[in-house]
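>>> 3D model of this:
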Amino acid sequence: MLGRSASKLLQYALVVWVAVTLNFALPHLAPGDPVDYLYGGDTGDLTPAQLEQIRAGYGLDASVPEQYLAFWTNLAGGDLGTSVALNRPVVDVLLERLPWTLALVGTGIVASTVLGTLLGALAAWRRGSRSAAALVSGVLVLDAMPSFWVGMILIAVFSVTLGWFPSYGATTIDATGAAWLAEVATRMALPVATITLATLGAFFLLTRAAMVTVLDEPFVRHAHAKGLTGRQVALGHALRTALLPVYTNITLAAGALLSGAVVVETVFAYPGLGRLIFEAVVVRDYPLLQGAFLLVTVGIIGANLVADLTYPLLDPRVRQGRAALT
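So this is what the prediction gives:
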């Protein structure tokens, strides 16, 4: 067991190296010069010596291999460089934005998991009925909508028409204490709703498929034969078994949403990591892009690793299968 875990860790370490290398290369392949964007494209008043000094200050005067080696050297020391546009350490900028994204993505994942799982279990339990068919059709239509479109609809209805929620930002400058918490919750409502509606389809379909399979198992028929009610059979036996693949999807979705938050945070001008990536792309801020990509990459790979290592602990069939192979 320990040998397989060590092998998994080595495989994921290789994946991290490849992903970080690609993350380093992609910003350099994009057109444009970050120094030109720093000065709004107007560098005519600067002498070549001054431009070279500015590039040297950000490490942009070195060759790409030298920048790659310096990137790994600094990364080993916890230094991701200095943002060209903000003139601040990249680590400080990321730590400032990351909590907002974690709160947004975490709340959205919990909401979509609970709602999608319950609706999927209901559709499986009532399979063949008109209500189940209507529920499946509605979720499929919703799942086909892109997240930015869902966000725009929510803004048009609940912000512009009804005026219930703000459509941008995370808080106000003067809010403190309980007022600050209320402001954060109010401004997070529409982005969280967007993430929930855009992602619950996967949990719904996965739970429904797993429940339909489990409901035909002999132990479910045995539970019915013992005189248990339909609710007891559905919640205490069938749903508990069907939740195993849902758990895997939770870990994978949490990692994927770190990168997928770019669209939602841009639509709502939410000051999270996704919005930061969008801003860094606009100004070609190489150090900031590399740091943000690194954080997202490690988050996705880490979520996959957690799912890979913990799933056998939850499903004895996988654990027994691996033991048989050894």
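>>> Name the helix or strand of the chain that has the lowest mean pLDDT.
Least confident helix or strand, the chain: helix 316-325 with a mean of 46, by mean pLDDT, DSSP states H and E.
>>> From the contact counts, what lies against the longest helix along the chain?
Ranked by residue count and defined by DSSP state H, the top helix of the chain is helix 177-215. Under the contact criterion of 3 or more CB pairs under 8 Å, 6 or more residues apart in numbering; DSSP states H and E, helix 177-215 touches helix 90-125, helix 130-144, helix 147-154, helix 239-267. Just so you know, the C-beta spots here come from the backbone N, C-alpha and C atoms, and that holds for glycine as well.
>>> what's the next secondary structure element after the last one?
What that stands for is helix 239-267. helix 273-282 (DSSP states H and E).
>>> just checking, what packs against that next one?
Packed against helix 273-282 by the contact rule (3+ CB pairs under 8 Å, 6+ apart) you find helix 90-125, helix 239-267, helix 286-314.
>>> Select, out of those, the one closest to Phe148.
Of all those, it is helix 239-267 that lies closest to Phe148, at 5.0 Å by CB to CB.
>>> Check the gap between the closest residue in space to Ala193 that isn't next to it in sequence and Leu205 for me.
Spatial nearest neighbour of Ala193, chain neighbours left out: Leu154 (5.8 Å); criterion: CB to CB, 6 or more residues apart in numbering. Distance of Leu154 to Leu205, given as CB to CB, to the nearest Å: 22 Å.
>>> what sits up against stretch 198-214?
Residues external to stretch 198-214 that are found in contact with it (CB atoms under 8 Å, 6 or more residues apart in numbering): 108-109, 111-113, 115-117, 119-121, 123-125, 127, 136, 139-140, 142-143, 145-147, 150, 220, 238-239, 241-246, 249, 253, 257, 264.
>>> I'd like to know how many residues surround Val64.
Burial of Val64 is recorded as 10 neighbouring residues (other CB atoms under 10 Å).
>>> Tell me how far it lies from Pro245.
Taking CB to CB as the measure, Val64 falls 43 Å from Pro245.
>>> and what of Arg55?
From Arg55 across to Pro245, the span is 51 Å (CB to CB).
>>> picking up where we left off before, quick check: buried residues in the longest helix of the chain?
183-184, 187-208, 210-212, 214-215 (16 or more other CB atoms under 10 Å).
>>> and if you look at stretch 85-99?
Within stretch 85-99, the residues that count as buried by 16+ other CB under 10 Å are Ala85, Leu86, Pro89, Val90, Val91, Val93, Leu94, Arg97, Leu98.
>>> Secondary structure class of the second one, three-state.
Under DSSP: H, G, I helix; E, B strand; the rest coil, the three-state class of Leu86 is coil.
>>> This completes my enquiry, with thanks.
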